[in-house]
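**Q** Could you work out the structure for the sequence below:
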Amino acid sequence: MIMRAKQTGKVVVFELEGHLEFETTVKFKETCVDMLKNQPDTRLIFNLQSLKFVGSSGINHFMTTMKQILSLSPAPKMIHVSTEFDKVFNAYRTAKYPFRVYQTLEDALKAFDLPEAKPTKSKKQRTNA
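**A** A predicted model of the protein is given here:
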């Protein structure tokens, strides 16, 4: 997995590309956790448009990482999520881990300024702001 980050003010957009592998997911986790510990008010957006779904071997560690990021970050957002990743986020989504998925970067940015809605029990949680 290749990870690129672009920061504008308090917002950091991570573009993730390639295949999920344990080693690169560990680096991704370290980068995000270090950033959030040093700048706890950072707002994160993950662009998954170029990330390839590889099945359970790579996804388990990625989801563990995403859960940890959710516990440290003020409501991170995901954009350009493939059908496969959307299914995985739906499977892991709970009140404690409310994965927020948006169609576009603009929608995700706007959502930071809106009050957080409580997650529903709906299977499909894709947000169209």
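**Q** can you give me the strands for the protein?
**A** 2-8, 11-19, 43-52, 77-79, 100-102, 126-127 (DSSP state E).
**Q** can those go into CSV with extra columns for mean pLDDT, distance to M63 and mean neighbour count?
**A** C-beta here means a position set from N, CA and C on the backbone, and glycine is covered the same way. Below are these laid out as CSV (pLDDT from 0 to 100; distance: least, C-beta to C-beta, whole Å; neighbours: other C-beta atoms under 10 Å):
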stretch, mean pLDDT, distance to M63, mean neighbour count
strand 2-8, 92, 16, 12
strand 11-19, 93, 13, 17
strand 43-52, 93, 12, 19
strand 77-79, 94, 12, 22
strand 100-102, 92, 14, 22
strand 126-127, 50, 18, 14
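**Q** Which helix or strand in this structure has the lowest average pLDDT?
**A** The weakest-scoring helix or strand in the chain, judged by mean pLDDT, DSSP states H and E, is strand 126-127 (a mean of 50).
**Q** which residues are contacting stretch 37-55?
**A** For stretch 37-55, the surrounding residues in contact (C-beta atoms under 8 Å, 6 or more residues apart in numbering) are 1, 10-20, 32, 35-36, 59, 69, 72-82, 84-85, 88, 105, 108-109, 112.
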